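S.K.: structure for this input, please:
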Amino acid sequence: MNRRTVLTGSIAALALLASACTGTGGSSQGADAEAPDDPSEAKGSITVLTHRTDLVQDGTMKAYAAEFNKTHPDVKVEFDALTDYEGEVKIRMNTENYGDVLMIPAVIEKKDYPKFFASLGGRAELSEKYRFTDYSTVDGKVYGQSPIGVVPGFLYNKKVWEQAGVTDWPTTPARFLDDLKAVKSRTDAVPYYTNFKDMWPLTQWTNVNGSVGCDTGATTKLAEGDPWADGADLRVADTLLHDIVRAGLAEKDPTTTNWEASKPKLAKGEIATMWLGSWAVVQMREAAKQAGSDPDDIGFMPFPAQQDGAFCAVTSPDYQQAVNVHSDHKAAARAWIDWFTDKSGYAKANLALSLLKDDPLPEILRPYQDAGVELIDLDDAKGAQVKSIDNSSEVGIYKPDYRQDLVDLARGARKGSLDDFLDGLGARWAEARTSLGS
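M.R.: Numbering: from 1, shown residues only. Predicted structure coming up:
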């Protein structure tokens, strides 16, 4: 698996465990334990849970561990690669045995981080060096740190778009649809590919939030208002996805899509466009090499919306690494997280945005820089509140289900109108906000 698997299961068992962790019968480490600040004294054996099965299988993670040992020779690093990362970790977290280092699964609500993870330090200090610290901050303490940042965008085959006569990035959803129609009429490529069957790619559309209005407070608006109000970012995004499918600009049968197979198809020009994120570019370029195509054919463009003549793109963390609060080797676990973020070169290898604020933009984002695309970091102060509303409403903006329903609506496999569908989501969201007192 090359990307996170989206969780759709119940969180009841983990809620019970979180409650138990605050009682007297918990681990001797205690809730909200601190990961030692001096990783130079690290020693012992640690297990790192990872969703990057591909990097474990090809030896890349082993090579990272070997480099890490040059600095920390007394730490032995073992990897446990999980294909269904979210599903398997959810089960393991009903015990205290969920590795020493793990990526924080989406099922864990932010308010519960101190019950499962050791603090990495205060936000005031860490935020001077790293991006995205507020995404894992609870009561001023940081509990997770992502090795990379990501930027959403359309991956596209530049050669196909040029064959269709399109050389400039579209600036509006309507123009984007016209460009896809040109791809359909002038080339043999599928204009847009939903990756419907694999489900998780549909969740990427939520990352449009903030880009349309170029608003760092977009997450706060989700917590305080209707995400599908007229002109709201998610309504714009979901309307575009609907209109792409309704116009016959996507694959004929979304139920037969295949994520792994889509990569060489985009690389070879059989698919023209997919909405994903900057993390996917390196995978598409590698697919191009393997297919005998030119990796430079893989392009990356922002969402087709502008404010004051400029595009905006939201930056956000990928999976955040954390230290198991029950680990017997917290110093070693913390040393791994710090080294992997600061020294490993993982972000550069994946053409990803570095967590280090002083690092330059990755090569894949140079066109964004040249075109004056504004990269904005969202204020996540109300991110936990948004997840609570989302869970209560059962809408699932971070899950694939409602967008699968949206695609089904667009292709005629589900009855109803787009307005009624989106207004219904808004009504459920409002009801949940009211019940939670938001």
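
S.K.: find the centremost residue of the chain, please.
M.R.: Closest to where the C-alpha atoms of the chain average out (CA atoms, centre = their mean) is D318, at 5.0 Å.

S.K.: who's in contact with it?
M.R.: By CB atoms under 8 Å, 6 or more residues apart in numbering, the contact list for D318 reads 146-150, 279, 352. To be clear about C-beta, it is placed using only N, CA and C from the backbone, and glycine gets the same treatment.

S.K.: I'd like to know how far it sits from I364.
M.R.: Separation of D318 from I364 (CB to CB, to the nearest Å) stands at 15 Å.

S.K.: same deal with G424?
M.R.: 37 Å.

S.K.: looking at those two, which is more packed in?
M.R.: I364 (23 against 14; other CB atoms under 10 Å).

S.K.: wait, that one sits on F300?
M.R.: Yes - applying CB atoms under 8 Å, one finds I364 in contact with F300, separated by 5.7 Å.

S.K.: and for the two, which residues touch both?
M.R.: Counting by CB under 8 Å, 6+ apart, the residues touching both I364 and F300 are 278, 281.

S.K.: rewinding a little: which one (most neighbours) among the contacts of D318?
M.R.: S146 leads the contacts of D318 on contacts (other CB under 10 Å) with 26 neighbours.

S.K.: find the nearest non-adjacent residue to that residue, please.
M.R.: P317 (3.6 Å; CB to CB, 6 or more residues apart in numbering).

S.K.: the one you found contacts V142, doesn't it?
M.R.: No - using CB under 8 Å, P317 is not in contact with V142; the gap is 11.5 Å.

S.K.: just the strands in the stretch 251-400 of the chain please.
M.R.: Assigned by DSSP state E, counting those that start in this stretch, the strands in the stretch 251-400 of the chain fall at 273-277, 298-301, 306-307, 310-317, 321-324, 374-377.

S.K.: which residue packs closest to V56, ignoring adjacent ones?
M.R.: In space, and not counting its chain neighbours, V56 is closest to A81: 3.9 Å by CB to CB, 6+ apart.

S.K.: also N69?
M.R.: N69's closest residue in space is V75 (CB to CB, 6+ apart), at 7.0 Å.

S.K.: surely the one you found touches T47?
M.R.: No - V75 is beyond contact range of T47, at 11.6 Å (criterion: CB under 8 Å).

S.K.: give me the common contacts of the two.
M.R.: The contact sets of V75 and T47 do not overlap (CB under 8 Å, 6+ apart).

S.K.: give the contact list for D215.
M.R.: 221, 233, 376.

S.K.: helix/strand/coil for the first one?
M.R.: Using DSSP: H, G, I helix; E, B strand; the rest coil, the three-state assignment for K221 comes out as helix.

S.K.: so how far is G231 from it?
M.R.: If you go by CB to CB, the gap between K221 and G231 works out to 11 Å.

S.K.: show me where this protein dips below the pLDDT cut-off.
M.R.: 1-40 (pLDDT under 70).

S.K.: how many neighbours does N350 have?
M.R.: Applying other CB under 10 Å, we find 22 residues neighbouring N350.

S.K.: now it: how far from L234?
M.R.: On the measure of CB to CB, N350 and L234 end up 27 Å apart.

S.K.: and what of A118?
M.R.: With CB to CB as the criterion, A118 and L234 are 34 Å apart.

S.K.: and if you look at P105?
M.R.: 23 Å.

S.K.: one more: I271?
M.R.: For I271 relative to L234 (CB to CB), the value is 25 Å.

S.K.: turn the contacts of D215 into TSV, including distance to F132.
M.R.: Shown next, in TSV, are those (distance: CB to CB, whole Å):
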residue	distance to F132
K221	19
D233	19
I376	12
